[in-house]
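Participant: curious how this folds, go ahead:
(2 chains)
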Number of protein chains: 2
Amino acid sequence: MGKGITSRESDYPQWYNDLVIKADLAENSPVRGCMIIKPYGFTIWEKMQRELDDMFKATGHVNAYFPLFIPKSYLSKEADHVEGFAKECAVVTHYRLKNSEDGKGVVVDPEAALEEELIIRPTSETVIWNAYKNWIQSYRDLPLLINQWANVVRWEMRTRLFLRTAEFLWQEGHTAHSTEKEAVEETLRILDVYADFAENVLAIPVIKGLKTESERFAGAVDTYCIEALMQDGKALQAGTSHFLGQNFAKAFDVTFATKEGNQELVWGTSWGVSTRLMGALIMAHGDDQGLIIPPKLAPVQVVIVPIYKNEEQYGEICEVGKRIQDGLRKRGILVKLDDRDTERPGWKFSEYELKGVPVRLAIGPRDLENENVELARRDTGQKEIVPMEGLEGRIESLLEETQKNIFNKALKFREENTQKIDSYDDFKKKVKNEGGFFLAHWDGTAETEEKVKNETKATIRCIPIEGEKEEGKCMVTGKPSSQRVIFAKAY
Amino acid sequence: MGKGITSRESDYPQWYNDLVIKADLAENSPVRGCMIIKPYGFTIWEKMQRELDDMFKATGHVNAYFPLFIPKSYLSKEADHVEGFAKECAVVTHYRLKNSEDGKGVVVDPEAALEEELIIRPTSETVIWNAYKNWIQSYRDLPLLINQWANVVRWEMRTRLFLRTAEFLWQEGHTAHSTEKEAVEETLRILDVYADFAENVLAIPVIKGLKTESERFAGAVDTYCIEALMQDGKALQAGTSHFLGQNFAKAFDVTFATKEGNQELVWGTSWGVSTRLMGALIMAHGDDQGLIIPPKLAPVQVVIVPIYKNEEQYGEICEVGKRIQDGLRKRGILVKLDDRDTERPGWKFSEYELKGVPVRLAIGPRDLENENVELARRDTGQKEIVPMEGLEGRIESLLEETQKNIFNKALKFREENTQKIDSYDDFKKKVKNEGGFFLAHWDGTAETEEKVKNETKATIRCIPIEGEKEEGKCMVTGKPSSQRVIFAKAY
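Facilitator: Next up, the predicted model:
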């Protein structure tokens, strides 16, 4: 057991929290529901950002920045949108403080009340479509393919580090198109980008699907998502891509002149992933010793720990360690020689296990003699003695292999925890005891969905858009169904 | 005159605004004082961020993220700090909206008042030092070298795009050290990073100096700055680095155990640059045709414009254009072939002049025949016919030369507009008519500084920390002075 971490089996939520705190990823701030992302956690998030940003740019998107504040009246312009977001927002009402009369502090200056209150953006559709109205005149101005990296605030009542916080960091793409077809294509292109990113960078297998009406984004025509399975058998929505139809164009009166000279409403999409992905990363891969970070996101990919009994050994081993470090750096590998003499090797071993460093090299006096090092993999826990000769190439391949292995392990877990189910009685028992993804037939009605949710707490995660479509009968009502959908309990 | 831009001579502030708007850098948002940074402007800001971030990391700093919200009571903990920031902040008082009774919109839900109001961070010293209290126990935890990229809000009454906006983007570094010496060194190290960045990336010469007490950051012991001169003769503070002494450590009770086992207060620094640098970039280099962007920050470094009379020519020229584009891309040069047939070459020429693209290549039928291209430099306006043979290498050197030339031009301007002055009467006349930097002796008192400010609107930009120190007598009072300081009107 590493560093006093609760085991997953004994208390999964506590295990998660232990990892976040003890691996120095984040902590709660004094402001309710807000978190501080600590340097180690932020470095992982930066790497996610960089990878995603490159993918967005490679698909023709550019970044911009829109204001933090949304005038209160904007929220009301799209009817569904206001229902979805007005209930959990931070409201700015004043723009000045003044000294309190007792001289001991500051109070809100009642004379500095805003004429119209401002909402801290919970998402930026309204402020962005209000700008698009002026940016779009003709078909020549389309498509507009814009993304922003920003902080947003949703006043959640129950918060958990990374998974659900009042303020969180995310990217939100907002695109405008001249045709429905193009906007739908964009929605699905981004869904593919998200799935690619989740599987090949986060090493988390995901299922691409369509949300049911009840889980749809407030203001969207269709919401697509990628759904991942965590180790406790609960689903986690890892990204969403919305086809907005002409809803926001209507609400903000955004039209364009077609080639033929007609005025038409613009078609839109929006899509986002957030620091919630940090939660997914932790819960998909971590074990009772700590984090397991895929090499593509690891702030440190290889750590070198010298093992020595005296000053002379220390000097010699560190020298070799530095040489190995230099060699790995030249290949672009993120390596750290931990030559601190204030901590013992055993402490360092469990520290880097906790932090999820993919590869650990230990060098002792005997290794030096035999020109070997001890190489330990974090993902499998395997240790072996390998020659220093050819070490760099070996580590390079090992990092690639580790990236794949972490994905495969998560995929195997998902496969073992996905089952087809046809009887609602079975379903109720299994959802209660087993967790995982349940592939079941559903009659397509909100009533049935609601009934299942109330009786089992499982929801329809998505209607998969890939794979075989098998017809059948709804497990609850027996009515016809055109394909199985995914039920699960979810974060 | 490009695209209806006001000339600098006729109306400098309007020229500035024209450039920001017409070159698509930014625009005002419907929320008073907030701006929308448009894709072209944001791409330049991203490049600044990337360069600076690399420099911070190369000097041992890491990024983290602290909350947007600051509890009201935190602001009051450092006495000077609250005086400086309480008067211009956005205050969150409620966390929910509800439907209005007339059913037409939403209103603030009076039942959702926060127990303690939250301030949108105007700067994050308080929330960060509150966290540092828990992060720092012993000398082993020091130094802490943390930076964050974030949005901040200061409720300014008079705003101007990039130069002064209610919400702006910036980075804020916050470091903690075990000794005064180390903290002072850090303050100056960052000042050097800022100066290096300003001169070698922004191509703006700056003077490093110390602020007088009246211009010091609220809560600092010493504020250092870099000061630049704009083309209208006004100074612009382009970055500040603060030595905080133990002020915030005292306010938030942040102590550490020394090696010897004593408890001591921690020493701190903070430092920042913001989207204001975009304003500096525009005003330092732009001309009446538009922006002039140094190659290191240009979203497009080279544009290729085909000139043709018929379809056949168009095809042939675009093919050559693509070949040149590929060749330049391979060298890592940001190049764009503008092969749109919806716009005329003349329109494109002035468009790219406006946008400040450093190099323009034009290819016409005759060029094709002679294996030449027309090459135009944005910084000097020079055009020449050059052979296609060896073009890539030529452009590579030209971009380097352009970067230097833009800096040298700005340096020459500053030198021509910097003068020593010893008579206060002369000073008053010249400040009124000429602008620029005035090197004058000052007696070191706040009274004299205030008097000069009231009588001339010029302020002490800084006490230079480099160059010769020449003793003399205060131009106002005749009292002794140990060195000349820089007076100027400022943004």
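Participant: what distance do you get for the residue positioned nearest the centre of chain A to chain B?
Facilitator: By CA atoms, centre = their mean, the mean C-alpha position of chain A lies nearest to A:L277, the distance being 1.6 Å. Separation of A:L277 from chain B (CB to the nearest CB, to the nearest Å): 14 Å. From N, CA and C alone the C-beta is placed, and that goes for glycine too.
Participant: also A:Q403?
Facilitator: Taking CB to the nearest CB as the criterion, A:Q403 is separated from chain B by 24 Å.
Participant: now A:L337
Facilitator: Taken as CB to the nearest CB, the span from A:L337 to chain B is 16 Å.
Participant: and that residue, what is it in contact with?
Facilitator: A:V303, A:I304, A:P306, A:C318, A:G321, A:K322, A:I324, A:Q325 (CB atoms under 8 Å, 6 or more residues apart in numbering or on different chains).
Participant: what about the fourth one, how many residues close to it?
Facilitator: Other residues near A:C318 number 18, with proximity taken as other CB atoms under 10 Å in any protein chain shown.
Participant: related to what we said a few turns ago, select from the contacts of A:L337 the one having the most neighbours.
Facilitator: Busiest of the contacts of A:L337 [other CB under 10 Å] is A:P306, holding 27 neighbours.
Participant: residues from the stretch 301-450 of chain A in reach of chain B?
Facilitator: A:T342 (CB under 8 Å from any CB of the partner chain).
Participant: excluding its backbone neighbours, what's nearest the residue in the stretch 301-450 of chain A that chain B sits nearest to?
Facilitator: Going by CB to the nearest CB, chain B is nearest to A:T342 of the stretch 301-450 of chain A, at 6.7 Å. Distances taken as CB to CB, 6 or more residues apart in numbering or on different chains put B:R140 closest to A:T342, at 6.7 Å, once the chain neighbours are dropped.
Participant: that's a helix at A:T187, yeah?
Facilitator: Yes - the secondary structure assignment for A:T187 places it in a helix, going by DSSP: H, G, I helix; E, B strand; the rest coil.
Participant: need the phi and psi values for A:N28.
Facilitator: Here is the backbone geometry of A:N28 (degrees, to the nearest 10): phi -70, psi 140.
Participant: actually A:A26, not the one I typed
Facilitator: phi -160, psi 170.
Participant: contacts only, for it.
Facilitator: Contact partners of A:A26, counting by CB under 8 Å, 6+ apart, are A:V20, A:M35, A:I36, A:I37, A:K38, A:G41, A:L161, A:F162, A:M278.
Participant: identify the farthest-apart pair in the residues you listed.
Facilitator: Considering CB to CB, no two members of these lie farther apart than A:I36 and A:M278, which are separated by 13.0 Å.
Participant: could you see whether chain B lies near the worst-scoring helix or strand of chain A on mean pLDDT?
Facilitator: For chain A, the helix or strand with the lowest mean confidence is helix A:79-85, at a mean of 81 (criterion: mean pLDDT, DSSP states H and E). Yes - Helix A:79-85 lies within reach of chain B by CB under 8 Å from any CB, at A:V82.
Participant: residues in contact with that helix?
Facilitator: Helix A:79-85 is contacted from outside by A:75-76, A:122-123, A:125-126, A:154, A:217-219, A:247, A:251, B:106, using CB under 8 Å, 6+ apart.
Participant: tell me the one among those nearest to A:E51.
Facilitator: Within those, proximity to A:E51 (CB to CB) peaks at A:T123, which comes in at 22.6 Å.
Participant: now the helix or strand encompassing A:Q313, how far from the centre of its chain.
Facilitator: Applying DSSP states H and E as the criterion places A:Q313 in helix A:311-330. Taking CA atoms, centre = their mean, to the nearest Å, the mean C-alpha location of helix A:311-330 is offset from the chain mean by 37 Å.
Participant: and the next helix or strand after it, average pLDDT?
Facilitator: On the C-terminal side of helix A:311-330, the nearest following helix or strand under DSSP H and E is strand A:335-337. Averaged over strand A:335-337, pLDDT sits at 98.
Participant: who does strand A:335-337 pair up with?
Facilitator: Each strand paired with strand A:335-337, and its direction, by DSSP bridges: strand A:302-306 (parallel).
Participant: quick one, the helix holding A:Q313 and strand A:302-306 angle?
Facilitator: Taking axes from the mean of the first three to the mean of the last three CA atoms, to 10 degrees, one finds helix A:311-330 and strand A:302-306 inclined to each other by 170 degrees.
Participant: what packs against helix A:311-330?
Facilitator: Taking 3 or more CB pairs under 8 Å, 6 or more residues apart in numbering or on different chains; DSSP states H and E as contact, the helices and strands that helix A:311-330 lies on are strand A:302-306, strand A:335-337, strand A:359-363, helix A:365-370, helix A:391-416.
Participant: name the helix or strand for the residue nearest to A:M230 when sequence neighbours are not counted, please.
Facilitator: Beyond its immediate neighbours in the sequence, the residue positioned closest to A:M230 (CB to CB, 6+ apart) is A:M283, lying 4.2 Å away. Taking DSSP H and E as the criterion, the element that holds A:M283 is helix A:276-285.
Participant: does A:G233 count as helix, strand or coil?
Facilitator: For A:G233, the assignment made with three-state DSSP gives coil.
Participant: which residues touch it?
Facilitator: Going by CB under 8 Å, 6+ apart, the list of residues near A:G233 reads A:N417, A:E434, A:G435, A:G436, A:A488, A:K489.
Participant: just those residues: which are in helices?
Facilitator: Using DSSP state H, no member of those sits in helices.
Participant: quick one, which of those are buried?
Facilitator: By neighbour count, with 16 or more other CB atoms under 10 Å in any protein chain shown, the contacts of A:G233 hold A:N417, A:G435, A:G436, A:A488, A:K489 as buried.
Participant: pLDDT wise, what is the last one at?
Facilitator: As predicted, A:K489 sits at a pLDDT of 97.
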